[in-house]
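Asks: here you go, sequence then predicted model.
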Amino acid sequence: MYLEENEILDEIEGDRPGSTVVIQTEDEISAIGMMIGSSLTGTRSSTSTSGPGFSLMAEAIGWAGINEVPIVITLYQRSGPSTGLPTRHGQDDLLFAIHAGHGEFPKVVYASGDIEESFYDTALCFNYADVFQVPVIHMMDKFLSSSVLTCRRFDPNKVTIDRGKLLEKIEGDDYKRFALTDDGISPRSRIGLENGIFWNTGDESDEYGHISEDPVGRVKMMDKRMSRLDLIIKKIPKEEQIVSFGVHDFTIVSWGSTKGPIIDALEMLKEEGKDVGFIQFKLLHPFPTEYAKSLLQGAKTIIDIESNYTGQLGQIFKQNLGRDVDHFILKYTGRGMTCTEIYDSLKKIIENKANKREVLTHGA
């Protein structure tokens, strides 16, 4: 549905709980503000945007971070900077998404590799937001959003809903929205819930939400929020963090929509008796360092494939694993990668004829 003005949609089919409202706001700042307000009522809320719109949302992402508001932003990347190539593809915004918002607060950055994945991953992203009470940035790109293909029928039975510590009832009159808990996650009230009054500002606060600059309280609140980064790694199943398509002497690390052409290229090489591994990173922040290390123990040559100039995953990889990427296969023409050009570059790497940095230009 596409709504030009306020409208209430209360039609519910069958026994499905709740309803869905889609609202066209006047700009990206309004979109994220409305989404945060909606989430504070206990409603699952999301918005979508691309690079310049995401830039406008950065301040409000920080507000959601300090107030522990669960939101989901789908970031359809295109080539920048600025307007850049507005109708073309890119994976330029990974580092921006990880560091979006000033100050330090936990968030999840999660990437889907194809259209089928993106359906089920959207449900996962909502669960991550609710369970960990953090902003979640779901990374997509123009290659996926502009693709038309036949998928297997989506199975709703594979989708689970976990609202985390969202409260339905509160006893007593001493509710603390930001209570210090053992796991770092506070029971969450919603606007209008009896006995569940809470305060939100953009300032640091005490457990009730009242503004406070007490240094001891500040340390406790920062430790509480940031502890969720470790909790996220611990609680998200490993198969949702990284997908392994096998590890060999030559192994690819990549993320997002490069998945399809990479798999096709590996099949082409396999027909020639050449085995190349592939590790698809889905959870990009917090980074699953230890799991990645365990998977890549047997890999002698690491090859980073992505659609940006600087090899942004490669930078995160080195920062967290302390290991250099041996080769980069990069494309930043605004066109999607093809299996043919990936195949050609991988073959050169295997034959020791490649540069450290291979730049692809098919379709230019």
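Replies: In hand now; what should we look at? Numbers count the residues shown, from 1 in each chain.
Asks: all contacts plus neighbour counts: C-alpha atoms, from now on.
Replies: Will do.
Asks: run the chain-centre distance for stretch 315-323.
Replies: Stretch 315-323 sits 19 Å away from the centroid of its parent chain (Cα atoms, centre = their mean, to the nearest Å).
Asks: tell me the pLDDT at Asp10?
Replies: pLDDT for Asp10: 58.
Asks: please read the previous query as pertaining to Asn6.
Replies: Value for Asn6, per-residue pLDDT: 51.
Asks: can you give me the strands for the stretch 201-350 of the chain?
Replies: Ranges of strands in the stretch 201-350 of the chain, per DSSP state E, counting those that start in this stretch, are 242-244, 250-254, 277-281, 283-285, 301-306, 327-330.
Asks: so for the second one, what's the average pLDDT?
Replies: In other words, strand 250-254. Strand 250-254 comes out with an average pLDDT of 98.
Asks: what of the fifth one?
Replies: Averaging pLDDT along strand 301-306 yields 98.
Asks: what are the buried residues along that strand?
Replies: For strand 301-306, the buried set under the neighbour-count rule, 16 or more other Cα atoms under 10 Å, comprises 301-306.
Asks: please identify which of the residues you listed is nearest to Ile197.
Replies: Distances from Ile197 to these, taken as Cα to Cα, are shortest for Glu306 (46.6 Å).
Asks: the closest one - nearest residue in space that isn't next to it in sequence?
Replies: Nearest non-adjacent residue to Glu306, counting by Cα to Cα, 6 or more residues apart in numbering: Leu330, 5.3 Å away.
Asks: residue ranges in this protein under the pLDDT threshold?
Replies: Low-confidence segments of the chain (pLDDT under 70): 1-18, 364.
Asks: domain-wise, how is it divided?
Replies: Segmentation of the chain into domains, based on automatic domain parsing, reads 28-158, 240-359.
Asks: in CSV: these, plus distance to Tyr208.
Replies: Formatted as CSV, the domains of the chain follow (distance: least, Cα to Cα, whole Å):
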stretch, distance to Tyr208
domain 28-158, 11
domain 240-359, 28
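Asks: where along the chain do the helices fall?
Replies: Secondary structure of the chain, counting by DSSP state H: helices at 28-40, 51-66, 94-99, 115-132, 142-145, 215-226, 228-235, 238-241, 259-270, 289-295, 312-321, 339-350.
Asks: figure out which of the ones you listed is closest to Gly84.
Replies: Across the helices of the chain, the minimum distance to Gly84, taken as Cα to Cα, is reached by helix 51-66, at 9.5 Å.
Asks: and of the strands of the stretch 201-350 of the chain, who's closest to Ala111?
Replies: Of all the strands of the stretch 201-350 of the chain, strand 283-285 sits nearest to Ala111, with 6.6 Å by Cα to Cα.
Asks: report the longest strand in the protein, please.
Replies: strand 71-79 (DSSP state E).
Asks: given it, what are its sheet partners and their directions?
Replies: Using DSSP bridges, strand 71-79 pairs in its sheet with strand 46-49 (parallel), strand 85-89 (antiparallel), strand 135-141 (parallel).
Asks: could you check the angle helix 115-132 makes with the last one?
Replies: Comparing the axes of strand 135-141 and helix 115-132 via axes from the mean of the first three to the mean of the last three Cα atoms, to 10 degrees yields an angle of 170 degrees.
Asks: how about the CA coordinates for strand 135-141, as CSV?
Replies: Output of strand 135-141 as CSV, limited to C-alpha atoms (Å, rounded to 0.1, in the frame of the first residue of the first chain):
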residue,chain,number,x,y,z
PRO,A,135,18.9,-0.4,15.8
VAL,A,136,19.4,-3.0,13.1
ILE,A,137,20.6,-2.1,9.7
HIS,A,138,19.7,-4.6,7.0
MET,A,139,22.1,-4.3,4.2
MET,A,140,20.7,-4.7,0.6
ASP,A,141,21.8,-3.2,-2.7
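Asks: ok so, going back, JSON lines for the helices of the chain, including distance to Thr160?
Replies: Output for those, formatted as JSON lines (distance: least, Cα to Cα, whole Å):
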{"stretch": "helix 28-40", "distance to Thr160": "19"}
{"stretch": "helix 51-66", "distance to Thr160": "24"}
{"stretch": "helix 94-99", "distance to Thr160": "26"}
{"stretch": "helix 115-132", "distance to Thr160": "7"}
{"stretch": "helix 142-145", "distance to Thr160": "24"}
{"stretch": "helix 215-226", "distance to Thr160": "25"}
{"stretch": "helix 228-235", "distance to Thr160": "15"}
{"stretch": "helix 238-241", "distance to Thr160": "14"}
{"stretch": "helix 259-270", "distance to Thr160": "25"}
{"stretch": "helix 289-295", "distance to Thr160": "25"}
{"stretch": "helix 312-321", "distance to Thr160": "30"}
{"stretch": "helix 339-350", "distance to Thr160": "34"}
